[in-house]
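>>> Sequence first, then the predicted structure, then my questions.
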Number of protein chains: 2
Amino acid sequence: MRGASAAELVERAREGDPRAVARLISHVENASPALREVAEALAPHTGSARIVGLTGSPGVGKSTTTTALVRAYREDGLRVGVLAVDPSSPFSGGALLGDRVRMQEHATDPGVFIRSMASRGHLGGLSWAAPQALRVLDGAGCEVILVETVGVGQAEVEVASLADTTIVLLAPGMGDGIQAAKAGILEVADVFVVNKADRDGADATVRDLRNMLGLGGRHSEPGAWRPPIVKTVASRGEGTRDVLAAVDKHRAWMTEHGELARRRERRAAAEIEAIALAALRERIGDLRGGTALDALAARVATGTLDPYRAADELLASL
Amino acid sequence: MRGASAAELVERAREGDPRAVARLISHVENASPALREVAEALAPHTGSARIVGLTGSPGVGKSTTTTALVRAYREDGLRVGVLAVDPSSPFSGGALLGDRVRMQEHATDPGVFIRSMASRGHLGGLSWAAPQALRVLDGAGCEVILVETVGVGQAEVEVASLADTTIVLLAPGMGDGIQAAKAGILEVADVFVVNKADRDGADATVRDLRNMLGLGGRHSEPGAWRPPIVKTVASRGEGTRDVLAAVDKHRAWMTEHGELARRRERRAAAEIEAIALAALRERIGDLRGGTALDALAARVATGTLDPYRAADELLASL
């Protein structure tokens, strides 16, 4: 397979060869020069996967929920991809694989592709790599792709920009769940899941959420989708079918309102932009190697040049 | 002051007029067209402020520590700037000002400028706005600038790229403190502060840290700076002078090893790059308004065009 062309790899991936899928995603992770060919070979096969994002604070049960959702989709005979992205870790390539072992249930199932992905700092970056990895899974024939974010903060918001439907997970008794919601994830949720619903405080969490949803934000605009709140005990598989039903309902609503096409086009625009900017950044990086940027930086650092003029000079030399 | 030129504003800011400083930072936050002039007027006065970053998980006492450090620097007669950045909240301009009220002690001190700043998502972004806000505070005559990050994850790492010296705060009994350290903040720390050191477990936290520091990473390379671990009780001001001493020691070490100039040049290079990329992104945005990007995105979303070719077409039209 080492010498396989992009078209051959895509063909094998579509036939269900997990090694071919892994190879294709490695091309993305390594920003391989073959990516252009990969993208071209994939394009005709993309656009049909349903992409479901999963986000929430650490400890709410994201991995367990992902596992339960994968199980349910597999029962329905769907081919499933899982992409676990970790945008908060610029330091390693295969970070935070620890909890992936919990997914071992699906590790030998040929209808499930699982991939963890750390962002690569500068050039890579979630906005650049994740959409392309999703495109691989989509082109490889995954009918549903779950994007799970590992990490907190901005990641929670960014994962929403990758998905058709974003599930925000909370758990009772975690004050920070609601706090995180305040900070932005409330806005990105299409479906709320209160996991660990067998614990004390589950009803209070649902009530808090409902109150917050009434307080404003995009969900309270007229004609807007009102995100349902589903209670689950993911470790026992309870409520999983309700989550799927809520996701399907959101999808039907989006299709009816033209929102699905809008989201996908917005996503494609962001992807194109990220690729274009990465290309420009690479050219700037080449200049850096050529010390042009270094010389400008030294002058800015000492105050003899302002950064705007320096940027002008940099762009002029592109 | 409404019609004041950039040069006049910079002049007034240097004379200590807090409204002029606020106006200048607003230019940054609003990505005002006047920013070019502002940058030009500031440049000759920049490059002398010491920039100290403060990061750590929520609850470790960042605000209290910032307040204690400001107090100590003021006792030494230094003019102090505080920039609280919140890169995880793309949704509002003046986010998370709540805990700023704890800084009220310094609110009426003309030798202290305090500013909170949320990142602005796309165009703005921390890497674009924060260095320019720091440049305003530097040019306005702040001798020390504390950059405090609000929020977690990538923010903790990014704040380090803005500072000469980065302080990472931990508190005893917070497992996630050490976990966060694992995820990356261990690498960016120049000084560790274990705050709330009067609580049980402070010595264990120090011990854990010391063990982790021995395990590898940039700090264990030969000739590398070994970050000291300082214990504080910031709410009572205990240990604040030790923190200042550690920061000064790090500064002396950096100066001796040429690291200070290297960091500042790396920072200037990143700033120039961010400005250049924002300019390019703006041109892409203009194209978006002109529907060129939208048309490309629609073709990519339906699989009739791959995103690389789309990016080529986009760049060709710049």
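All right, it came through fine. Residues are numbered from 1 along each chain as shown, chains lettered A, B, ... in the order given.

>>> give me the low-pLDDT residue ranges for chain A?
Within chain A, the ranges that satisfy pLDDT under 70 run A:1-3, A:86-108, A:118-127, A:150-157, A:174-184, A:215-217, A:286-290.

>>> Strands along that one, start to end?
A:50-55, A:80-86, A:112-118, A:144-149, A:165-170, A:191-194, A:229-231 (DSSP state E).

>>> what's the closest of these to chain B?
Smallest distance to chain B across the strands of chain A (CB to the nearest CB): 8.7 Å, for strand A:80-86. C-beta: built from backbone N, CA, C; applies to glycine.

>>> and the closest one, how far from the chain's centre?
7 Å (CA atoms, centre = their mean, to the nearest Å).

>>> got the angle between that strand and strand A:144-149?
Put simply, strand A:80-86 runs at 10 degrees to strand A:144-149, going by axes from the mean of the first three to the mean of the last three CA atoms, to 10 degrees.

>>> Give me the neighbour count for A:T55.
27 (other CB atoms under 10 Å in any protein chain shown).

>>> In this structure A:D190 contacts A:P227, no?
Yes. Between A:D190 and A:P227 a contact is recorded at 5.5 Å, counting by CB atoms under 8 Å.

>>> Mark out where each domain of chain A begins and ends.
Domain ranges of chain A: A:45-257, A:271-316, per automatic domain parsing.

>>> where along the stretch 201-318 of chain A do the helices fall?
Along the stretch 201-318 of chain A, the segments classed as helices by DSSP state H, counting those that start in this stretch run A:202-213, A:240-256, A:259-289, A:292-301, A:307-316.

>>> so which of those helices comes closest to A:S161?
When the helices of the stretch 201-318 of chain A are compared by CB to CB, helix A:259-289 sits nearest A:S161, at 6.6 Å.

>>> so, in contact with chain B or not, that closest one?
Yes. For helix A:259-289, a contact with chain B is found by CB under 8 Å from any CB of the partner chain, at A:261, A:264-269, A:271-273, A:275-277, A:279-281, A:284, A:288.

>>> Counting neighbours, which of those residues end up buried?
Buried members of the residues of helix A:259-289 next to chain B, counted by 16 or more other CB atoms under 10 Å in any protein chain shown: A:264-265, A:267-269, A:271-273, A:275-277, A:280-281, A:284, A:288.

>>> what's the neighbour count on A:S161?
A:S161, neighbours per other CB under 10 Å, totals 17.

>>> Is it in contact with A:A269, as I believe?
No. Checked against CB under 8 Å, the pair A:S161 and A:A269 is beyond contact range at 10.9 Å.

>>> how about stretch A:205-224: buried residues?
With burial defined by 16+ other CB under 10 Å, the residues of stretch A:205-224 counted as buried are A:T205, A:V206, A:D208, A:L209, A:L213, A:H219.

>>> So for the first one, what's the nearest residue that isn't a sequence neighbour?
Read it as A:T205. Nearest residue to A:T205, sequence neighbours excluded (CB to CB, 6 or more residues apart in numbering or on different chains): A:P172, at 4.7 Å.

>>> burial of the one you found, as a residue count?
The local packing of A:P172 (other CB under 10 Å) involves 21 other residues.

>>> gap between the residue sitting nearest the centre point of chain A and A:L54?
With distances taken as CA atoms, centre = their mean, the residue of chain A nearest its centroid is A:V159 (4.0 Å). A:V159 sits 8 Å away from A:L54 when distances are taken as CB to CB, to the nearest Å.

>>> Give the residues shared as contacts by these two.
Applying CB atoms under 8 Å, 6 or more residues apart in numbering or on different chains, one finds that A:V159 and A:L54 are jointly contacted by A:V147, A:E148, A:T149, A:T166.

>>> closest to chain B among the buried residues of stretch A:205-224?
Relative to chain B, the closest of the buried residues of stretch A:205-224 is A:H219; by CB to the nearest CB it sits at 13.3 Å.

>>> Can you verify my assumption that that closest one contacts A:L209?
No. Taking CB under 8 Å as the definition, A:H219 is not a contact partner of A:L209, at 10.9 Å.

>>> what comes up buried for stretch A:37-49?
Using 16+ other CB under 10 Å as the test for burial, stretch A:37-49 gives A:E37, A:V38, A:A39, A:E40, A:A41, A:L42, A:A43, A:H45, A:T46, A:G47, A:A49.

>>> what's next to it, contact-wise?
Stretch A:37-49 has contacts (CB under 8 Å, 6+ apart) with A:5-7, A:9-10, A:14, A:24, A:27-28, A:32, A:81, A:132, A:134-145, A:264, B:300-309.

>>> How far off centre is that stretch?
The answer for stretch A:37-49 is 18 Å, by CA atoms, centre = their mean.

>>> Using CSV, list the CA coordinates for that stretch.
This file holds the C-alpha atoms of stretch A:37-49, laid out as CSV (Å, rounded to 0.1, in the frame of the first residue of the first chain):
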residue,chain,number,x,y,z
GLU,A,37,-4.6,14.7,-4.8
VAL,A,38,-6.3,13.1,-1.8
ALA,A,39,-8.8,16.0,-1.7
GLU,A,40,-9.5,15.7,-5.4
ALA,A,41,-10.1,12.0,-5.2
LEU,A,42,-12.4,12.4,-2.2
ALA,A,43,-14.5,15.3,-3.5
PRO,A,44,-17.0,13.3,-5.6
HIS,A,45,-17.7,11.0,-2.6
THR,A,46,-18.3,13.7,0.0
GLY,A,47,-21.3,15.6,1.3
SER,A,48,-23.5,12.8,2.5
ALA,A,49,-22.2,12.0,6.0
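
>>> what's the nearest residue to A:L42 if we skip its chain neighbours?
Excluding the flanking residues, the one nearest A:L42 by CB to CB, 6+ apart is A:G139, at 3.6 Å.

>>> try A:R264
Take A:R264 and drop its neighbours on the chain: the residue closest to it by CB to CB, 6+ apart is B:A301, 4.3 Å away.

>>> tell me the contacts of that neighbour?
With CB under 8 Å, 6+ apart, B:A301 has these contacts: A:G47, A:A261, A:R264, A:E265, A:R267, A:A268.

>>> Now with 7 Å, please.
Counting by CB atoms under 7 Å, 6 or more residues apart in numbering or on different chains, B:A301 makes contact with A:G47, A:R264, A:E265, A:A268.

>>> Can you tell me how far it is from A:L293?
As judged by CB to CB, B:A301 and A:L293 stand 35 Å apart.
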